[in-house]
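[1] Provide a 3D model corresponding to the input given below.
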Amino acid sequence: MSQLRYFCISLLLLFGASQAFAQPITLVTLGDSLTKGDGDAEGGGGYPARLQKKLEAAYPSTRLMNLAQSGMTTDDLIDAQLEPALEQLGKAPPGNAKVALVWIGSNDLFGLYNFVCDEQYPNDYESCERESSAIFSDNINTILASLQSGGASVYIALLDDQSKRPVMTDQLLRQSSFDRFTAEEVPRMAAQIAKYNDIIRKTAARLGVTLVDFSTTTLLQNRATLDRDGNHPNGAGYDQIADIWHQAVASATPNTPAPTTPPAIRDPVPDADVDPEDAPGKANDAATDITPEPSLEPVPPEGAKGPASHPPAQ
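    A predicted model of the protein is given here:
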């Protein structure tokens, strides 16, 4: 057998073995309308369906369960999505990498200024915002720690500045969607978003969760990538969102940590005077580094050489 023929056959065998050993993924997505896919064309599936297709190109047999529901807050996610997510992770076939993606917080913020601060705090904004931060911190900790207890590599989105979405900057759109949300409350929401993102960063750093950055994107401010409501992405927007998640997931391999005892699904609500920096689930200020995950590189057959690792919201 000629050397060239032997070399070609060896390459074919190695390529086939590498594909056979590629690690499929069990993918669970949690969140609100931005993850459910509101604003997308019928059958589009939002970003999760697009992301699944991208991942399947390298990791065949990747399975998706999109648990997101429109209008949900962090409270709602804990009540309605967390247990089904853990159930799906528990059903993952042996050898599958387990990945959980979380994008939540938009409705916590919209509801805070369209209802909660008015009805429950008679416009005592400082108390309203302080307690909201404490509850959000507690909820984010519960969500992330619970998903990790199910053996998943967890990714969480940093929130975009939704005060800059057209649904907020355009008075007519704002009044049609959030009739009690005043122009004076828009900058207050921008400041609260910064607090929420700080909570997400610190909790993610402490738990070793990967951040996916939507805080710097403008795609949720650009009408070309938004539905007519000025709030939800259109198909072009979801294309970009899927790219952002894919970059994050494909650049860090999901690990499969040993299951641990999860926190209680519903923890007590902190008192209104709790400082968010001292709230349950609030990370220490020193915990700022995010632990990188190993890579999603297909596993080569034994003896083959390849990279051991390399380096996925509004």
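[2] For the stretch 1-150 of the chain, just list every one of the helices.
    3-20, 33-36, 46-58, 74-80, 82-90, 106-111, 117-119, 125-149 (DSSP state H, counting those that start in this stretch).
[3] Out of those, flag the one nearest residue 222.
    If you check each of those against residue 222 by Cβ to Cβ, helix 33-36 wins as the nearest, at 15.0 Å. From N, CA and C alone the C-beta is placed, and that goes for glycine too.
[4] circling back: lowest mean pLDDT across the helices of the stretch 1-150 of the chain, which one is that?
    Note on the helices of the stretch 1-150 of the chain: lowest mean pLDDT is at helix 3-20, with a mean of 45.
[5] And the residue lying closest to residue 72 once chain neighbours are set aside, how far from residue 90?
    Of all residues not flanking residue 72 in the chain, residue 32 sits nearest, at 4.6 Å (Cβ to Cβ, 6 or more residues apart in numbering). Residue 32 is 24 Å from residue 90, where distance means Cβ to Cβ, to the nearest Å.
[6] These two - which one has more neighbours?
    More crowded of residue 32 and residue 90, by other Cβ atoms under 10 Å: residue 32, with 26 against 12.
[7] surely that one meets residue 74?
    No - with contact defined as Cβ atoms under 8 Å, residue 32 does not reach residue 74; the gap is 9.6 Å.
[8] tell me the SS of residue 155?
    At residue 155, secondary structure determined by DSSP: H, G, I helix; E, B strand; the rest coil is strand.
[9] so what's it up against?
    99, 100, 101, 102, 209, 210, 211, 212, 245, 248, 249, 312 (Cβ atoms under 8 Å, 6 or more residues apart in numbering).
[10] Surely residue 82 touches residue 146?
    Yes - contact criterion Cβ under 8 Å: residue 82 and residue 146 qualify, at 5.6 Å.
[11] Could you state which residue of the chain sits nearest its centroid?
    residue 102 (2.7 Å; Cα atoms, centre = their mean).
[12] Make sure it is actually in contact with residue 143.
    Yes - applying Cβ under 8 Å as the test, residue 102 and residue 143 come out as touching, 6.0 Å apart.
[13] Now do stretch 63-77: distance from first to last residue.
    21 Å (Cα to Cα, to the nearest Å).
[14] and it, which residues are buried?
    Buried residues in stretch 63-77, counted by 16 or more other Cβ atoms under 10 Å: 63-69, 72-77.
[15] Pass me the low-pLDDT residue ranges in the stretch 201-314 of the chain, would you?
    The model of the stretch 201-314 of the chain has pLDDT under 70 over residues 253-314.
[16] now with 90?
    For the stretch 201-314 of the chain, applying pLDDT under 90 flags the ranges 251-314.
[17] residues contacting residue 35?
    29, 46, 47, 48, 66, 68, 101, 103, 313.
[18] quick one, strands of the chain?
    25-31, 63-66, 97-103, 153-158, 210-213 (DSSP state E).
[19] Just the mean pLDDT for the fourth one, thanks.
    Averaged across strand 153-158, the pLDDT comes to 98.
[20] same question, the first one
    The average pLDDT within strand 25-31 is 98.
[21] just to revisit the earlier point, now do the shared contacts for residue 32 and residue 74.
    Shared contacts of residue 32 and residue 74 (Cβ under 8 Å, 6+ apart): residue 104.
[22] for the helices of the stretch 1-150 of the chain, which one sits closest to residue 178?
    Evaluated over these, closeness to residue 178 peaks at helix 106-111, with 6.2 Å, by Cβ to Cβ.
[23] what's the closest one packed up against?
    Counting contacts by 3 or more Cβ pairs under 8 Å, 6 or more residues apart in numbering; DSSP states H and E, helix 106-111 is packed against helix 74-80, helix 185-207.
[24] Now do it: everything it contacts.
    Contacts for helix 106-111 (Cβ under 8 Å, 6+ apart): 32-34, 71-76, 132, 136, 159, 162, 178, 181, 189, 192-193, 196, 314.
[25] circling back to that earlier point, quick one: which of the contacts of residue 35 is the most crowded by neighbours?
    residue 47 (31 neighbours).
[26] On the pLDDT front, check the residue nearest to residue 86 when sequence neighbours are not counted for me.
    Nearest non-adjacent residue to residue 86, counting by Cβ to Cβ, 6+ apart: residue 150, 4.5 Å away. The per-residue pLDDT reported for residue 150 equals 98.
[27] Nice, that's everything, thank you.
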